[in-house]
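Chemist: Give me the fold of what follows.
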Amino acid sequence: MPAPTTLRLHWIMTVQYGPETSTLSNTAEVDATVSRTQVYRDLRAHVADQIGTRSFVVLYFALEPDQL
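Modeler: As a prediction, the model looks like this:
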(Lines give C-alpha, C1' and ligand atoms only; values in the text may rest on other atoms or scores of the structure.)
Protein backbone atom coordinates (compact mmCIF):
# COMPACT_ATOMS: atom_id res chain seq x y z
CA MET A 1 0.00 0.00 0.00
CA PRO A 2 1.55 3.33 -1.03
CA ALA A 3 2.15 6.07 1.53
CA PRO A 4 -0.37 8.93 1.52
CA THR A 5 0.64 11.98 -0.50
CA THR A 6 -1.33 14.40 1.69
CA LEU A 7 -2.24 14.66 5.36
CA ARG A 8 -5.36 16.19 6.87
CA LEU A 9 -4.41 18.09 10.04
CA HIS A 10 -6.46 19.93 12.64
CA TRP A 11 -4.92 23.13 14.00
CA ILE A 12 -5.68 25.64 16.73
CA MET A 13 -3.90 28.97 17.15
CA THR A 14 -4.52 31.59 19.83
CA VAL A 15 -3.01 34.98 19.11
CA GLN A 16 -2.81 38.36 20.82
CA TYR A 17 -2.65 41.63 18.91
CA GLY A 18 -2.91 44.85 20.86
CA PRO A 19 -5.63 44.40 23.48
CA GLU A 20 -7.38 41.71 21.39
CA THR A 21 -7.05 37.94 21.69
CA SER A 22 -8.44 35.50 19.12
CA THR A 23 -8.50 31.73 18.80
CA LEU A 24 -8.84 30.28 15.32
CA SER A 25 -9.06 26.63 14.31
CA ASN A 26 -9.69 24.60 11.19
CA THR A 27 -8.33 21.70 9.21
CA ALA A 28 -5.62 21.85 6.58
CA GLU A 29 -4.74 19.43 3.81
CA VAL A 30 -0.95 19.44 3.47
CA ASP A 31 1.61 17.60 1.39
CA ALA A 32 2.89 14.62 3.37
CA THR A 33 6.50 15.73 2.85
CA VAL A 34 6.12 19.27 4.22
CA SER A 35 7.71 20.10 7.57
CA ARG A 36 5.84 21.11 10.71
CA THR A 37 7.75 24.40 10.59
CA GLN A 38 6.44 25.18 7.12
CA VAL A 39 2.87 24.31 8.13
CA TYR A 40 3.22 26.66 11.11
CA ARG A 41 4.50 29.47 8.88
CA ASP A 42 1.68 28.96 6.37
CA LEU A 43 -0.95 28.90 9.12
CA ARG A 44 0.53 32.00 10.76
CA ALA A 45 0.22 33.82 7.42
CA HIS A 46 -3.38 32.58 7.10
CA VAL A 47 -4.22 33.82 10.60
CA ALA A 48 -2.63 37.20 9.81
CA ASP A 49 -4.95 37.52 6.81
CA GLN A 50 -7.96 36.54 8.94
CA ILE A 51 -7.32 39.06 11.73
CA GLY A 52 -6.04 41.81 9.43
CA THR A 53 -2.56 42.28 10.91
CA ARG A 54 0.82 40.58 10.76
CA SER A 55 1.81 42.07 14.12
CA PHE A 56 0.71 39.53 16.72
CA VAL A 57 2.06 37.08 19.28
CA VAL A 58 1.16 33.40 19.17
CA LEU A 59 0.03 32.33 22.63
CA TYR A 60 -0.92 28.76 21.74
CA PHE A 61 -0.46 26.50 18.72
CA ALA A 62 -1.58 22.89 18.26
CA LEU A 63 -1.27 20.75 15.15
CA GLU A 64 -2.51 17.16 15.13
CA PRO A 65 -3.75 14.60 12.63
CA ASP A 66 -7.47 15.10 12.03
CA GLN A 67 -8.57 11.68 13.20
CA LEU A 68 -9.88 10.01 16.33
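Chemist: Over to the spatially most central residue of the chain: give its phi and psi.
Modeler: The residue lying closest to the centre of the chain (CA atoms, centre = their mean) is L43, at 3.7 Å. Note on L43: its backbone torsions stand at phi -70, psi -40 [degrees, to the nearest 10].
Chemist: Quick check: chain neighbours aside, which residue is closest to it?
Modeler: Counting by CB to CB, 6 or more residues apart in numbering, L43 lies nearest to W11, which is 5.6 Å off, once chain neighbours are set aside. Heads up, the C-betas are built off the backbone N, CA and C, glycines and all.
Chemist: show me where the chain has helices.
Modeler: 36-51 (DSSP state H).
Chemist: Run through the bridge partners of A28.
Modeler: A28 has the following beta-bridge partners by DSSP bridges: L9.
Chemist: Around the closest residue to D31 other than its chain neighbours, how many other residues sit close by?
Modeler: Leaving out its chain neighbours, the residue that sits closest to D31 by CB to CB, 6+ apart is T6, at 6.0 Å. Look at T6: counted by other CB atoms under 10 Å, it has 12 neighbours.
Chemist: ok, now which ones touch the residue nearest to L43?
Modeler: Counting by CB atoms under 8 Å, 6 or more residues apart in numbering, W11 makes contact with S25, N26, T27, A28, V39, L43, F61, A62, L63, E64.
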